[in-house]
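Asker: after the sequence you'll find the predicted model.
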Number of protein chains: 2
Amino acid sequence: MPVKLNAPEAASLLPVRGVKLGFAKAHVRKPDRKDVLVMMLAEGSRVAGVFTKNRFCAAPVVLCKEYLAAKKGIRALLVNTGCANAGTGEDGLNRARQSCEALGNLMNINANQVLPFSTGVILESLPVDKVIAGLPAAIENLKEDNWLNAAEAIMTTDIVAKGASRQIQLDGKIVTITGISKGSGMIHPNMATMLGYISTDAAVSQNALESIIQYVVNKSFNCITVDGDTSTNDSLILMATNQAGNVEISENSYNFAAIRDALTEVAIELAQAIVRDGEGATKFMTVTVEGGKNEAECRKVAYAIAHSPLIKTAFFASDPNLGRILAAIGYAGIDDLDVDNLQLYLGDVLVAEKGGRAASYLEEQGAAIMKESDILVRVVLNRGNENITIWTCDFSYDYVKINADYRS
Amino acid sequence: MPVKLNAPEAASLLPVRGVKLGFAKAHVRKPDRKDVLVMMLAEGSRVAGVFTKNRFCAAPVVLCKEYLAAKKGIRALLVNTGCANAGTGEDGLNRARQSCEALGNLMNINANQVLPFSTGVILESLPVDKVIAGLPAAIENLKEDNWLNAAEAIMTTDIVAKGASRQIQLDGKIVTITGISKGSGMIHPNMATMLGYISTDAAVSQNALESIIQYVVNKSFNCITVDGDTSTNDSLILMATNQAGNVEISENSYNFAAIRDALTEVAIELAQAIVRDGEGATKFMTVTVEGGKNEAECRKVAYAIAHSPLIKTAFFASDPNLGRILAAIGYAGIDDLDVDNLQLYLGDVLVAEKGGRAASYLEEQGAAIMKESDILVRVVLNRGNENITIWTCDFSYDYVKINADYRS
């Protein structure tokens, strides 16, 4: 079960002016399941995206990059679950294109104003006819207060739908931000079977939006990991519909930080929700590495901890087997690391220092903290001033079960 | 259960002249269990070692390096299970030293002629009094045909004892090689909670032995992985006792390749045994990456596959979910990889090419191969002439169970 995570109330996901959402049950892979989502954007909306770095990036990712580069004004997003359309070669590209053309025809826009997204099994052919057959129904129910349905329509192995909203004031105008995400395994830095869509009705220049999305992703989706795998389809999209009436925000606007930080808050909430719903997760782990010479070495240590199956299974067992954490710090790849000069904390408790167990540490303290569902692992390297925080989950029987049974 | 692996017959582990082995049940952690091993080497033996690269290397590893560097002529090895004496700081070093002094006193040699090894739980203090109390019994039963007992005495979560022997002729003399190993999780390139001891009665110069051990480890223990963790205690030791009567082998000897290759064969058998006994393993996977520009990029791809929990759980499920393998190839970190120009084979079957599923591939073919217990994954990159082969196992419920329960 997800770790302290419930699906949002429908009413808590606030409508964003200029964004309408509609879904269909198109039977892409399973019957009676929302599996196609259409998001329609008002004319003049600005859109920015970041995508998987996997060399086997999926056909829809290739098309998203092509269509964004064409700068024709994105007016719609089309998402299907059930099939990732990845590892499908030229045929996969053609099928993705067909789906955009079909939606474009129905909406009276060009195919390259439609961004396609797919998630699900890879190396299988996209049943594009089913997706297209579902489009009229999705268009039929397009509306602004459909965010929870939208969040549900993009789920795969997710147990809980993921969405978050914020409102801030800019120039005396209320600006709304609402986002949804999906993903529960294969989550990694550089993202992974992760889809995220965050929209605001603020007016934001294209340059500012491009700048903001890099900041947002580095503070949120690039700080989570479930199993270290990076998928072929990861995509994060920011949309600004220019409906709120604020003065358009550029990179130099005094309002820039305000909208950037509000978008980041929503992104962090969506990213953490993915970890809390990590496949088989029973614990939510925050790993903070402080005092590194640079962010890169902090990340190395944090991910060595977050990716270790030995550590993740020990957390599953609520076992303060902290030696495994020291071992991971040791093999993280900092060649000149002085292990006698670092501290390891579990929650607030100093566990290890001077190359070994801290004299003050009592096993009962560790055992008590390990029983919690939210646990902080903190490493102080004492080598510099850089810090990083990432989030991950433990590794349980159910992780194996979910991934061994996924296709059946 | 181990994958096609049985404990060796006692008689199949051939005595090596100049090596005597004795064990004790010293109650280091558990009662009624062989947990202390003493290996005694004839005077004039040559010894070489390679050790974990983990920055938190354990106290015994620190001492091994110090004692080997002292070049006083190693005459004994002392191994305990139950406690790794890692993350134990200065106190751990003192305890390891005490154990070497105690054995040195009993054997009339110096402490720095004794190499210490520990394996088991980390961050806990070595009960050195128990180890020392066990030494007289171990010395009492020192004998040359004690290899199977020795292999059993170094087991931790191993299900099956691991040993292998070979004989070759050098200069008309029969030369024997016998080795034992332990380890079943936390196995990685650069080794991991892995102990390996390989001895021969051949005469080999120190320089030749140092050269051979690097070759051997790169072809064997550095080509296996179970869960990607690198332990604090990994050690591989080569011993040549100079009892066989051959002309001493130097790096330029015509016999050099013969002894090197025979030692490598034994090391590969011992390394593969560790994978076959991988924690919870149900499948033995050979991952071959061919046609890389250099060995490093071949290793990147091989380990991306071998470390992916998604792939390992799919193998556990006998599910030919080969898209997960493509995804791993894609995120392995070869930035200029042309995914349209590589081939993926499962056994002999071409599964993917040209960026997608091979036209000739039938799901039944993949399903049939996945039912086997030994499976070959072969990637042909078509970028160069370098190759690598590594060995790993799948990821099962039992892996989680073993590692969640290890300390209890």
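Answerer: Alright, I've got the coordinates.
Asker: the helix or strand hosting A:Ile237 and chain B in contact?
Answerer: For A:Ile237, the host element (DSSP states H and E) is strand A:235-240. No. Using CB under 8 Å from any CB of the partner chain, strand A:235-240 stays clear of chain B, with a minimum separation of 14.8 Å. C-beta here means a position set from N, CA and C on the backbone, and glycine is covered the same way.
Asker: adjacent strands (with direction) for that strand?
Answerer: strand A:46-51 (antiparallel), strand A:195-200 (parallel) (DSSP bridges).
Asker: can you list contacts of the last one?
Answerer: Put plainly, it is strand A:195-200. When contacts are defined by CB atoms under 8 Å, 6 or more residues apart in numbering or on different chains, strand A:195-200 is touched by residues A:16, A:18-19, A:39, A:41, A:77, A:79, A:117, A:119, A:150, A:154, A:175-183, A:216, A:221, A:233-241, A:244, A:259, A:262-263, A:266-267, A:270-271.
Asker: those strands in the stretch 1-150 of chain A, which residues are they?
Answerer: Per DSSP state E, counting those that start in this stretch, the stretch 1-150 of chain A has strands spanning A:19-24, A:36-41, A:46-51, A:76-83, A:114-121. These are given in chain order.
Asker: in CSV: the ones you listed, plus mean pLDDT.
Answerer: Formatted as CSV, those follow (pLDDT from 0 to 100):
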stretch, mean pLDDT
strand A:19-24, 98
strand A:36-41, 98
strand A:46-51, 96
strand A:76-83, 96
strand A:114-121, 93
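Asker: would you format those as CSV with distance to B:Ile198 and mean neighbour count included?
Answerer: Formatted as CSV, the strands of the stretch 1-150 of chain A follow (distance: least, CB to CB, whole Å; neighbours: other CB atoms under 10 Å in any protein chain shown):
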stretch, distance to B:Ile198, mean neighbour count
strand A:19-24, 63, 24
strand A:36-41, 59, 26
strand A:46-51, 49, 22
strand A:76-83, 50, 25
strand A:114-121, 45, 27
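Asker: any chance of those strands in a markdown table, with distance to A:Ile132 too?
Answerer: Shown next, in a markdown table, are the strands of the stretch 1-150 of chain A (distance: least, CB to CB, whole Å):
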| stretch | distance to A:Ile132 |
| --- | --- |
| strand A:19-24 | 10 |
| strand A:36-41 | 9 |
| strand A:46-51 | 23 |
| strand A:76-83 | 10 |
| strand A:114-121 | 12 |
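Asker: sorry, back to before: helices and strands around the next helix or strand after the strand holding A:Ile237, which ones?
Answerer: Moving toward the C-terminus from strand A:235-240, the next helix or strand (DSSP H and E) is helix A:256-276. For helix A:256-276, the packing partners by 3 or more CB pairs under 8 Å, 6 or more residues apart in numbering or on different chains; DSSP states H and E come out as strand A:162-170, strand A:173-182, strand A:195-200, helix A:206-219, strand A:224-225, strand A:284-292, strand A:386-393.
Asker: pull the CA atoms of the strand holding A:Ile237 into PDB?
Answerer: Provided in PDB are the C-alpha atoms of strand A:235-240 (Å, rounded to 0.1, in the frame of the first residue of the first chain):
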ATOM      1  CA  SER A 235       8.200  13.100 -19.900                       C
ATOM      2  CA  LEU A 236       7.400  16.200 -17.900                       C
ATOM      3  CA  ILE A 237       5.400  18.900 -19.500                       C
ATOM      4  CA  LEU A 238       4.800  22.400 -18.200                       C
ATOM      5  CA  MET A 239       1.900  24.400 -19.700                       C
ATOM      6  CA  ALA A 240       1.000  28.100 -19.200                       C
END
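Asker: now do that strand: distance to the chain's middle.
Answerer: 11 Å (CA atoms, centre = their mean, to the nearest Å).
Asker: list the buried residues in that strand.
Answerer: For strand A:235-240, a neighbour-count test (16 or more other CB atoms under 10 Å in any protein chain shown) marks A:235-240 as buried.
Asker: please apply the same query to stretch A:153-161.
Answerer: A:153-161.
Asker: identify all contacting residues around it.
Answerer: Against stretch A:153-161 from outside (CB under 8 Å, 6+ apart): A:1-2, A:5-8, A:23, A:34-37, A:79, A:81-82, A:119-120, A:148, A:151-152, A:180, A:182-185, A:193, A:195, A:273, A:277, A:279, A:402, A:406.
Asker: what is the rounded mean pLDDT of it?
Answerer: Mean pLDDT, computed over stretch A:153-161, is 91.
Asker: ok, now stretch A:399-408?
Answerer: 64.
Asker: one step back: could the strands paired with strand A:235-240 go into TSV alongside distance to A:Met370?
Answerer: Rendered in TSV, the data for the strands paired with strand A:235-240 read as follows (distance: least, CB to CB, whole Å):
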stretch	distance to A:Met370
strand A:46-51	35
strand A:195-200	31
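Asker: where's A:Lys4 relative to chain B, distance?
Answerer: 21 Å (CB to the nearest CB, to the nearest Å).
Asker: burial measure for that residue, as a count.
Answerer: Close neighbours of A:Lys4, defined as other CB atoms under 10 Å in any protein chain shown, add up to 10.
Asker: settle this for me: it is touching A:Val275, isn't it.
Answerer: No. Using CB atoms under 8 Å, A:Lys4 is not in contact with A:Val275, being 11.0 Å away.
Asker: mutual contacts of those two, please.
Answerer: A:Phe284.
Asker: of the buried residues of stretch A:153-161, closest to chain B?
Answerer: A:Thr157 (11.3 Å; CB to the nearest CB).
Asker: secondary structure class for that closest one?
Answerer: The assignment at A:Thr157 comes out as coil when based on DSSP: H, G, I helix; E, B strand; the rest coil.
Asker: so how far is A:Gly183 from it?
Answerer: According to CB to CB, to the nearest Å, A:Thr157 and A:Gly183 sit 9 Å apart.
Asker: excluding chain neighbours, what is closest to A:Glu363?
Answerer: A:Pro320 (6.6 Å; CB to CB, 6 or more residues apart in numbering or on different chains).
Asker: hmm, I typed the wrong one, I wanted A:Phe316.
Answerer: In space, A:Phe316 is closest to A:Asp394, 4.2 Å off (CB to CB, 6+ apart).
Asker: I figured that neighbour hits A:Arg276, correct?
Answerer: No. Between A:Asp394 and A:Arg276 there is no contact under CB under 8 Å: 11.5 Å.
Asker: shaky segments in chain A?
Answerer: A:184-192, A:226-231, A:402-403, A:405-408 (pLDDT under 70).
Asker: list the beta-bridge partners for A:Leu115.
Answerer: Residues in beta-bridge contact with A:Leu115 (DSSP bridges): A:Leu77.
Asker: touching, it and A:Gly49? I think so.
Answerer: Yes. Using CB under 8 Å, A:Leu115 is in contact with A:Gly49, at 7.3 Å.
Asker: list residues touching both of these two?
Answerer: A:64, A:68, A:237.
Asker: quick one: which of the residues you listed is nearest A:Val131?
Answerer: Within the shared contacts of A:Leu115 and A:Gly49, the smallest distance to A:Val131 is 15.8 Å, found for A:Cys64 (CB to CB).
Asker: what sits against that closest one?
Answerer: Contacts of A:Cys64 (CB under 8 Å, 6+ apart): A:49, A:51, A:115-117, A:235.
Asker: okay, those residues in a markdown table with distance to A:Ala304 next?
Answerer: Shown next, in a markdown table, are these (distance: CB to CB, whole Å):
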| residue | distance to A:Ala304 |
| --- | --- |
| A:Gly49 | 30 |
| A:Phe51 | 26 |
| A:Leu115 | 35 |
| A:Pro116 | 36 |
| A:Phe117 | 32 |
| A:Ser235 | 27 |
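Asker: outline the domain layout of chain A.
Answerer: A:10-276, A:284-405 (automatic domain parsing).
Asker: can you pull the contacts of A:Ala306?
Answerer: Applying CB under 8 Å, 6+ apart, the residues near A:Ala306 are A:225, A:285, A:287, A:390, A:392.
Asker: before I go, just wanted to say thanks for your time.
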